[in-house]
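1. Sequence plus the predicted model coming up.
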There are 2 protein chains.
Amino acid sequence: MTESDRTQTELPNRGQAAVADLISALERVDGQLAAREQRVADYVKANIDSISTMTIAELAGAADVSTPTVIRFCRSLGCDGFKEFKLRLAQNLAVSLQYIQADVGEEPANVENALDHVLAAIYATTNVMRKQLDPRQLEGAKAAIIGCKQLLVAGMGGGSSVLAQEGANRFFRLGITTMAVNDSYILQMRAATLRPDDTLLLFSASGETDAIVAAAKVAGAYGARTICISKPGTRLADVVSIPIVVDLPEDPHIFKPTATRYAFLAILDAIAMSVAYETRDETTENLRRIRSSLTAYHGRTGPQPLGD
Amino acid sequence: MTESDRTQTELPNRGQAAVADLISALERVDGQLAAREQRVADYVKANIDSISTMTIAELAGAADVSTPTVIRFCRSLGCDGFKEFKLRLAQNLAVSLQYIQADVGEEPANVENALDHVLAAIYATTNVMRKQLDPRQLEGAKAAIIGCKQLLVAGMGGGSSVLAQEGANRFFRLGITTMAVNDSYILQMRAATLRPDDTLLLFSASGETDAIVAAAKVAGAYGARTICISKPGTRLADVVSIPIVVDLPEDPHIFKPTATRYAFLAILDAIAMSVAYETRDETTENLRRIRSSLTAYHGRTGPQPLGD
DNA sequence: CCTGATTTGTAATTTAAGTACATTATTTTT
DNA sequence: AAAAATAATGTACTTAAATTACAAATCAGG
C-alpha cells in the first residue's frame, strides 16, 4: 500500500472542508496518534504561535522526528499537507490566540480578566461557526419556518432549553404560531401531533439527548419538517431533515461557560432576522401591535427593543 | 545597486514587526506604487480572500506581471517576501475585517448575510461593553454572590427573562441556592422576603421596568444586596446597590435582534466564571455530582459541557 | 536624444514540501 | 514462542515554489 493510497482510504474526507478549526481537531486526535506524530502534536501545542513561521524541517527537528512524520501528522488533522496546516493554524490563531494562551496560562485573577476570557471565547467560537455553516441549510430552515403553520421549539438541559425559550420568543414576535417546550414528555406528545405543514426546531449542543432525538424521529415520521441546531455526526443531526450543524471548539475547562450558546444564539438570530425581512409586511404590523401594547402597559417609548 | 541593497536602504523597517495590519498597509501604499506593482495590488484587493492559497507564480500570472514584481510588491508592503505576505494576509482576514468595518450595508439578501449582520452587531456591542464596564462593580457583584445565602435572579419580557433563567442555571451549578423569577407578582413577594445575606440579581435592558425597579427597592429596604445588569442613568441603576451598567448602541432597525443580550450574557458568564474560580473546591464537587448524575441518566461521557 | 535612475522581466539558484520505498517496531496468528 | 502480517518511521530522492542576480526596457530631466 503506497503512502497516497493509505491517506486516501483511511482519511477520506480530509482537505479544505473537512476541518474548519484546527485547534479543536488537535484536541480531538490527541492521544490517539501514533507515537511520533503525538510528539509533533505535543510540540505544536507547546509552541503553537511560532509554528506558522517554521519550515517542515525545523518543526521536524524541534520535535525530533522526520519530515514525513510531520506531514503524516498534518494529514491526521485533516489537512492536505504542511502548507495547508500552517495556513489554517495561522488563521485560527489570529482569532483565538488570546483564548488559547489564556487557557494554558493562569486562571482569571478577577472578573475583568474573566470577562476577557469569555469575550475571547465568544469571538473565537462565532468565527469558527461562521466558517462551518452551510448556507443552504440556513436557507432551508428559513423556508421551513416561513411556510409553517405552527413552530415547535425545544431544547433540554440548561443551555438548550434557554435557547428554545428564546427561539419561541423571537418567532412569536414575527407572527408565527410558536411554542417552546422543555419537558421531555410534553415534547414527545407535541411532536406526535405535528403535521406536514408544521416545523420542529431543536437545540442540542450534544446532539445525543434521547428526548430530543426521539422527538425529531416522531415529528419526521408524521411528515413535519425538522430542523436542528447542533453538532455534526450526531444522532440528532442524522435524523432531522434540515441539520444546521457546527463542530465548535469546547474549552475542556469545567469552570468556563460554554461559548457554544453564543454561536447557537447567533444562528437563531440570523434565521429570525431573515424570516423577519422575508415576511416584512405582516411582521411590521405584528411588531407595531406588540410595541403599542407594551407602551400602553408602561408608557415607555423611544427606540427600545421590544420587550426588555 | 543590487536588489538586496535597495530594499535595505529604501525600506529599512520592513519585516516582522513593521506592519501589523496588511489591509491598512495596502490602503496606505495604494496609488504610490510602481505601475506593475499597482496591478498586483489591484488584483489582491479584488481577490483578497483567495490570495493565501495561491503560489507566487499563480498570482503573477493572474495579475499579468512577473514573479519578481510580486515579491517587490510584498516588500513595498513591509513584508519580507511572498511567504510572509501570505501568512500575514491570512491572519488579517481571519479576524474578519468585514465585521470590523461593519456597516454591512443594506438589508440581508439571505440568511448567510443576516448572520454577518448579527455577528457584526455582537462584535461591536461586546466591544463597547468591554470598554464601559466598571471593574469595581463587577468585583462587587462577585463578592455579593459568593457570600450570599440565597440568590434571586429576575428579568421581565422576552430577552431579560431568558437571561434570568440562564443566570439561575449558571449559579445553581456552582452550588449557590438560586432561583429565577419572571412573574412580577412572585418577584415582588420573593423580593420582600429577602434578608441582608441574600442577593437579588436583576436584568433589564431598559432599566425602567416597573416590576424590576419595585423589586430592587423592596429588597434593598430589607437589607439585601441588589445587583443590576442594565443601562446607566435609569431608575433601576439608581436604586440598586451594585449597578453594572453599560450604554449600548442599539440598532434602530426593528427587524434586527438586539445585541444587548449577548453583552449581558457575557457579563453574566464572566461573573459566574469568577465565582467558580473563587469557590473552586466546593464547585468542583458540585460539578462532579451534576456530571455523574447526567452520565448515569443517559450514559454519555467525554468533555461535554454540563447539561446540553 | 542622450544620461542616469527606475522599473520590469528572464533565467538561474536556493529552499522547502512532498513521495517512494526500505527498515524497523508492533501486533496477530498459529 | 516463532512466523506472518500490519503499522510506524526514517532515508534518500523528486518536485515545486520562492528568491536572487542580472540584463533589458522604460522613463525623467537636461
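-> Arrived safely.
2. What is the burial count for the closest residue to DNA strand D within chain A?
-> Nearest residue of chain A to DNA strand D, counting by C-beta to the nearest atom of the strand: residue A:34, 2.8 Å away. All C-beta atoms are positioned from the backbone trio N, CA, C, and that covers glycine. By the criterion of other C-beta atoms under 10 Å in any protein chain shown, residue A:34 has 12 neighbours.
3. For it, which residues are in contact?
-> With contact set as C-beta atoms under 8 Å, 6 or more residues apart in numbering or on different chains, residue A:34 has these partners: residue A:72.
4. Try it again at 10 Å.
-> By C-beta atoms under 10 Å, 6 or more residues apart in numbering or on different chains, the contact list for residue A:34 reads A:40, A:69, A:72, A:73, A:76.
5. Give me the phi and psi angles of the residue in the stretch 51-200 of chain A that DNA strand C sits nearest to.
-> Taking C-beta to the nearest atom of the strand, DNA strand C has its nearest neighbour within the stretch 51-200 of chain A at residue A:81, 2.5 Å off. Backbone torsions for residue A:81, taken as degrees, to the nearest 10, come to phi -180, psi -170.
6. Please give me every residue in contact with the spatially most central residue of chain A.
-> Nearest to the geometric centre of chain A sits residue A:246, at 3.7 Å (C-alpha atoms, centre = their mean). By C-beta under 10 Å, 6+ apart, the contact set of residue A:246 is A:20-21, A:125-126, A:128-134, A:229-232, A:260, A:263-264, A:267.
7. restrict those residues to those near chain B?
-> A:126, A:129, A:130, A:131, A:133, A:134, A:230, A:231, A:260, A:263, A:267 (C-beta under 10 Å from any C-beta of the partner chain).
8. ok, back up a step: separation between the residue of chain A closest to DNA strand D and DNA strand C?
-> Using C-beta to the nearest atom of the strand, to the nearest Å, residue A:34 is found at 9 Å from DNA strand C.
9. how much space between that residue and chain B?
-> 22 Å (C-beta to the nearest C-beta, to the nearest Å).
10. Likewise for residue A:152?
-> For residue A:152, the distance to chain B - C-beta to the nearest C-beta - is 17 Å.
11. Enumerate the residues of the stretch 51-200 of chain A near DNA strand C.
-> Applying C-beta under 7 Å from any atom of the strand, we find that the stretch 51-200 of chain A lies next to DNA strand C at A:55-57, A:67-68, A:71, A:74, A:80-84, A:86.
12. Now with 10 Å, please.
-> With C-beta under 10 Å from any atom of the strand as the criterion, the stretch 51-200 of chain A meets DNA strand C at residues A:52-60, A:66-72, A:74-75, A:79-86.
13. ok, residue A:27 touching residue A:247?
-> No. When contacts are counted by C-beta atoms under 10 Å, residue A:27 is not listed as touching residue A:247 (11.0 Å).
14. Give the ChimeraX command for selecting the buried subset of the residues of the stretch 51-200 of chain A next to DNA strand C.
-> A single ChimeraX command is used to select the members of these judged buried by 16 or more other C-beta atoms under 10 Å in any protein chain shown:
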select /A:52,54,56,59,60,69,70,71,72,74,75,79,80,82,84,85,86
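15. Mark which of the residues of the stretch 51-200 of chain A next to DNA strand C are part of helices, please.
-> Judged by DSSP state H, these include A:56-60, A:67-72, A:74-75, A:82-86 as members of helices.
16. which sections of the stretch 101-250 of chain A are below the confidence cut-off?
-> Confidence mapping of the stretch 101-250 of chain A against pLDDT under 70 gives the ranges A:101-109, A:250.
17. And the helices in it, which stretches?
-> Along the stretch 101-250 of chain A, counting by DSSP state H, counting those that start in this stretch, helices occupy A:111-132, A:135-146, A:157-173, A:184-192, A:210-221, A:235-239.
18. Indicate which one of these is closest to residue B:110.
-> Among the helices of the stretch 101-250 of chain A, helix A:135-146 comes nearest to residue B:110, with 6.3 Å by C-beta to C-beta.
19. buried residues in the closest one?
-> For helix A:135-146, the neighbour count (16+ other C-beta under 10 Å) marks A:137, A:138, A:139, A:140, A:141, A:142, A:143, A:144, A:145 as buried.
20. Which ones, among those, also lie beside chain B?
-> Answer for these near chain B (C-beta under 10 Å from any C-beta): A:137, A:138, A:139, A:140, A:141, A:142, A:143.
21. Show me which pair in those is furthest apart.
-> Across those, the longest distance by C-beta to C-beta is 10.7 Å; it joins A:137 and A:143.
22. what residues do these two have in common as contacts?
-> Joint contacts of residue A:137 and residue A:143 (C-beta under 10 Å, 6+ apart) are A:242, B:111.
23. about what we covered before: just the pLDDT at the residue of chain A closest to DNA strand D, thanks.
-> With respect to pLDDT, residue A:34 scores 79.
24. And it, how far from residue A:75?
-> Going from residue A:34 to residue A:75 by C-beta to C-beta, to the nearest Å gives 12 Å.
25. and what of residue A:209?
-> Applying C-beta to C-beta, the value for residue A:209 to residue A:75 is 34 Å.
26. Next: residue A:54.
-> Applying C-beta to C-beta, the value for residue A:54 to residue A:75 is 18 Å.
27. So what's the residue count around the residue lying closest to residue A:207 once chain neighbours are set aside?
-> Nearest non-adjacent residue to residue A:207, counting by C-beta to C-beta, 6 or more residues apart in numbering or on different chains: residue A:234, 2.7 Å away. Applying other C-beta under 10 Å, we find 21 other residues in the vicinity of residue A:234.
28. and what of the one 5 residues further on?
-> By the criterion of other C-beta under 10 Å, residue A:239 has 20 neighbours.
29. same question, the one 4 residues further on
-> Per other C-beta under 10 Å, the neighbour tally for residue A:243 reads 25.
30. How about the contacts made by the residue nearest to it when sequence neighbours are not counted?
-> Distances taken as C-beta to C-beta, 6+ apart place residue A:237 nearest to residue A:243, at 4.5 Å, with adjacent residues excluded. By C-beta under 10 Å, 6+ apart, the residues touching residue A:237 are A:204, A:207, A:208, A:213, A:216, A:228, A:230, A:231, A:243, A:244, A:245.
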